[in-house]
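Participant: any chance you can model this:
(2 chains)
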Amino acid sequence: MSTTTATERVAAPAAETASSRILRGLNRLPIHIALGLIALVWLLPTVGLLVTSFRPRTEIQSSGWWTTFGSLQLTLENYQQVLNAQGMGQAFINSLIIAVPSTLLPLLVCSLAAYAFSWLRFPFRDTIFLIIIALMMVPVQVAFLPVLQLFKTLSDGVSSVTGQPFVITQGYAGIWLAHTAFALPFGIFLLRNFFITLPKDLIEAARIDGSSTFGVFRTIVIPLSVPAIAAYGIFQFLWVWNDLLMALIFVGKNSNYPMTIQVTTLLGTYGTEWHLLAASAFILMVVPLAVFFSLQRYFVQGLLAGSVK
Amino acid sequence: MATVPQPIPTTATTTSPSPRRGLPSGVTALLFLLPALILLLVFLVYPVISTLRMSVDRGLGGNFSRFVGLDNYINVLQTPSFQTAIINNILWLIFYTSIVIFFGLVIAVVAMRVRYESIIKAVVFLPMAIAATALGVIWTFVYQLDPNIGLLNALLGVVGLGPVSWLGDPAWVNAALIAVGIWGSAGFATVILSAALKGISPEILEAARTDGANEFQIFWRIILPMVSLPISVLAVTLVVNVVKLFDIPYVMTQGGPGDASRVIALEFYKQDFSAGQFGKAAAVAVIMLVILIPVMIFNVRRFRSGSVV
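Facilitator: Have a look, this model is predicted:
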C-alpha cells in the first residue's frame, strides 16, 4: 500500500528502540496535523448543519452550533415541521418517483445499446459510436427549448385525440424521458467499455450452443456485468436525485417538485429559518449518504471507470 | 457538487471483436439499438439542429417566425450581465480548476503515507455524493453574517476581524462560491489522482531514494510527470464542470448581489429562458456548445487513437 512504510520497515533495524520509534513519530507529526486539518475542514461544515438540524429554533438564533456541546438540548421537532408543514415529505417521495424510473430506464436502454456496440456487427458502427462520444459534451441547455416544444406538440396532440386536457410536463413522463435520453451517451460509453472486456470465448461458445443474440445478452453479458451495471446505476441514481436544473425545466407542477427544488425555494423564502433549512437539507442528503456509505466501493469504481484508471 | 466524471476511455481495449461466421444480421443489432437511437435523435441530435435555427430567430415567447440573423448573439454579447457571467466563468476556470487539482494531488500524496488513508479519502470525497443544493445550504450557513450563526465569521471574530458578508459583498461572493465548488470537487480529484499514484511502481521510487533523491525531487521529477495524463483528463473534466456550472450560484446567490456572481448557465436560465427570450436563450445555449466543442474533439481523438492509459 504505502511505499514509505515499506521502505522504512526494511530500513528499520530489527529491534527498534522505543525512542527511535517516538522520534520517527515526531517526524511524521506534520503529516498527521495536515491531514487532521483537512479532515476538519471537510467535516465541520456538514457536522455544523447536522447539529443545527436538531437544535430548537430559539437556540439557533441566539448561539452558534459549536456552543451546543456545553448544554445539550436537542429536538426532532424541526424534522417533523419540515416533513409535514413544509411539504418535504411529499418532495422526498417525488424525488424517489423521479429518480427510480430515471435510473432503471437508462440502465435498460444503455445495456441493450452497449451490447450492440461491443458484440454485434452493423454498418457505421464505429462512426455512430464516435457520434455518441461527441454527444456526451452537448450541454443540456441546448436541448431544453426544442424538447419543450416537442412536449407541447405531443401534449396538444394527445389532448385533441382524447378530448382531455393533457400536459406531459404536468406528470413525470417528461422528466423520466429527458433524464433517460441525456444519460445515454455516458451510459452507453461506460457499459460498452466494460462489455468489450468480457471473455470472447464464452460469448462465442454460447452462440455455438445455439443461444440467440438476446439469449447471450440475457444469460451471459448481463450476469457477468453486474458490478459495472451497479456502479453505473448508483451513479445515475445519485445524479438524478441531486439534479436541480432538469427538474426546474421539465417538472411543471409544484406538487411534483423534487427535494432539490423545494430546498432551494425554502432557502430563498426562509433564508434565516435555519432550523427548517438544516433539517430539510439533511432529508435531501440522507439518501445519497446511505448509498455512499453502503455502496461506496461501487460508487468510487463508477466514478473511476468514467475517467482514468 | 454535481460533477459528471468526464468519460474518457479506460484501459479497456478499443478494438472491436473480429468478424466471425454466423454473425447476427444488422436487423438484430438495430433492434438492440432502436430505443437508444430514437431517444438520442429526439432529445439530442434534433435539438442541436433546432436550437441552431432558433438562435437566429427573435423567438419571443416561443414564436419562431422572425429571422434576425446574428442579432441574438450580438445582443447577448452586449448584455452586461452576460459579460459578467463570462468573466466569472473565467474566474472559476482559473481558480476552481487549479486549486481542485492542487488539493487533490496534495491530499492524495500526503494521505498515502498514513494508515488511515481510506478514511481521509472518504471524508474528502463525501461532498461528491451530496446534491449541490445541499452543499449550497451547508455553506450558506457557514457564510452567515451573524457570528452567532456563521462559523466563518465566528472564527474571524476570534482573531478580532469584523464579520464579512461573504455572499452579499460583490468583492467576496465569487471567491466564496468558488471555495464551495473546490470543497465539493477536491475529493473527486483526490480519488482519481490517488488511483493514478498507486499505479507508479514502488521500485522506481525506491531506486530514486537509493540514488539520494529527496522527497521534493521525487515529487517533481517522478510523481508529477507520471500522473500528468490523469491530471490533464481531470482538468478537462473540471473545465466542463465550469462551463455547465449552475446549481451552486443558483442555490446560494441567484447570481447576486446584483449580477456579481452570474455564470453562463445561470444567464441562460434567468435572463433569457425564464423571461421568454427564447431566441437569446438559444444563442446562449449555442455559445455553451461552441465552448465545449474543443473538449468534444479532444474526447473523440483520444478514443480513436486508443492511446489511453
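Participant: what helices and strands are in contact with the helix or strand hosting residue A:83?
Facilitator: Assigned by DSSP states H and E, residue A:83 belongs to helix A:77-84. Other elements packing on helix A:77-84 under the criterion 3 or more CB pairs under 8 Å, 6 or more residues apart in numbering or on different chains; DSSP states H and E are helix A:88-119, helix A:274-305. For the C-beta atoms, the positions are set from N, CA and C on the backbone; glycine is no exception.
Participant: which helix or strand in chain B has the lowest average pLDDT?
Facilitator: Counting by mean pLDDT, DSSP states H and E, chain B has its least confident helix or strand at helix B:215-217, which shows a mean of 83.
Participant: ok, now chain A?
Facilitator: helix A:3-11 (a mean of 44).
Participant: what stretches of the stretch 1-150 of chain B score poorly on pLDDT?
Facilitator: Scanning the stretch 1-150 of chain B for pLDDT under 70 picks out B:1-25.
Participant: show me where it has helices.
Facilitator: For the stretch 1-150 of chain B, helices defined by DSSP state H, counting those that start in this stretch occupy the ranges B:26-40, B:46-54, B:71-78, B:80-91, B:97-111, B:117-129, B:132-142.
Participant: hey, which of these is tucked in deepest?
Facilitator: Most buried of these by mean neighbour count (mean count of other CB atoms under 10 Å in any protein chain shown) is helix B:132-142; its value is a mean of 26.
Participant: is any part of it close to chain A?
Facilitator: Yes. Residues of helix B:132-142 contacting chain A under CB under 8 Å from any CB of the partner chain: B:132-134, B:136-142.
Participant: want to throw the residues you listed into TSV with distance to residue A:274?
Facilitator: TSV is the format used below for the residues of helix B:132-142 next to chain A (distance: CB to CB, whole Å):
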residue	distance to residue A:274
B:132	19
B:133	16
B:134	14
B:136	14
B:137	9
B:138	11
B:139	13
B:140	9
B:141	6
B:142	11
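Participant: how about residue B:70, what does it touch?
Facilitator: residue B:56 (CB atoms under 8 Å, 6 or more residues apart in numbering or on different chains).
Participant: next, it: phi, psi?
Facilitator: Geometry field for residue B:70 lists phi and psi as phi -90, psi 10, criterion degrees, to the nearest 10.
Participant: surely residue B:278 meets residue B:56?
Facilitator: No. Assessed by CB atoms under 8 Å, residue B:278 is found out of contact with residue B:56, at 12.0 Å.
Participant: okay, the two: which has more neighbours?
Facilitator: Neighbour count, other CB atoms under 10 Å in any protein chain shown: between residue B:278 and residue B:56, residue B:278 has more, with 26 against 20.
Participant: next up, the contacts around whichever residue of the stretch 51-200 of chain B sits closest to chain A.
Facilitator: Across the stretch 51-200 of chain B, no residue is closer to chain A than residue B:131, which sits at 3.5 Å (CB to the nearest CB). Residue B:131 is in contact with A:241-244, A:259-260, A:284-285, A:288, B:2, B:247, counting by CB under 8 Å, 6+ apart.
Participant: excluding covalently adjacent residues, which one is nearest to it?
Facilitator: Using CB to CB, 6 or more residues apart in numbering or on different chains and skipping residues adjacent in sequence, the residue nearest residue B:131 is residue A:242, 3.5 Å away.
Participant: who touches the one you found in this structure?
Facilitator: A:260, A:288, B:2, B:130-133.
Participant: same thing but at 7 Å, please
Facilitator: A:260, A:288, B:2, B:131-132 (CB atoms under 7 Å, 6 or more residues apart in numbering or on different chains).
Participant: what's around residue B:62, how many residues?
Facilitator: 12.
Participant: quick one, phi psi at it?
Facilitator: The phi/psi pair for residue B:62 (degrees, to the nearest 10) is phi 90, psi 10.
Participant: now the contacts of residue A:242 in CSV, with distance to residue A:235?
Facilitator: Below are these laid out as CSV (distance: CB to CB, whole Å):
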residue, distance to residue A:235
A:260, 17
A:288, 11
B:2, 12
B:131, 14
B:132, 15
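Participant: and the residue nearest the centre of chain A, what element?
Facilitator: In chain A, the centroid-proximal residue (CA atoms, centre = their mean) is residue A:238; its distance is 1.8 Å. In this assignment (DSSP H and E), residue A:238 forms part of helix A:226-242.
Participant: buried set for that helix?
Facilitator: For helix A:226-242, burial by neighbour count (16 or more other CB atoms under 10 Å in any protein chain shown) applies to A:228-242.
Participant: and of those residues, the nearest to residue B:38?
Facilitator: Residue B:38 lies nearest to residue A:236 out of those, by CB to CB, at 19.3 Å.
Participant: I'd assumed residue B:302 was in contact with residue A:130.
Facilitator: No. In this structure residue A:130 lies outside contact range of residue B:302 using CB atoms under 7 Å: 11.2 Å.
Participant: follow-up on the earlier one: of the helices and strands packed on helix A:77-84, which shows the lowest average pLDDT?
Facilitator: Least confident of those, judged by mean pLDDT, is helix A:274-305 with a mean of 82.
Participant: could you export stretch B:33-47 as PDB, CA atoms only?
Facilitator: Output in PDB follows, covering the C-alpha atoms of stretch B:33-47 (Å, rounded to 0.1, in the frame of the first residue of the first chain):
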ATOM      1  CA  LEU B  33     -30.100   0.000 -30.700                       C
ATOM      2  CA  LEU B  34     -33.500   1.200 -31.600                       C
ATOM      3  CA  PRO B  35     -34.600   2.600 -28.100                       C
ATOM      4  CA  ALA B  36     -31.300   4.400 -27.700                       C
ATOM      5  CA  LEU B  37     -31.200   5.800 -31.200                       C
ATOM      6  CA  ILE B  38     -34.700   7.100 -31.100                       C
ATOM      7  CA  LEU B  39     -34.100   8.900 -27.800                       C
ATOM      8  CA  LEU B  40     -30.800  10.300 -28.900                       C
ATOM      9  CA  LEU B  41     -32.200  11.600 -32.100                       C
ATOM     10  CA  VAL B  42     -35.300  13.100 -30.500                       C
ATOM     11  CA  PHE B  43     -33.600  14.500 -27.400                       C
ATOM     12  CA  LEU B  44     -30.100  15.400 -28.600                       C
ATOM     13  CA  VAL B  45     -29.500  15.400 -32.300                       C
ATOM     14  CA  TYR B  46     -32.600  17.100 -33.400                       C
ATOM     15  CA  PRO B  47     -32.400  19.700 -30.600                       C
END
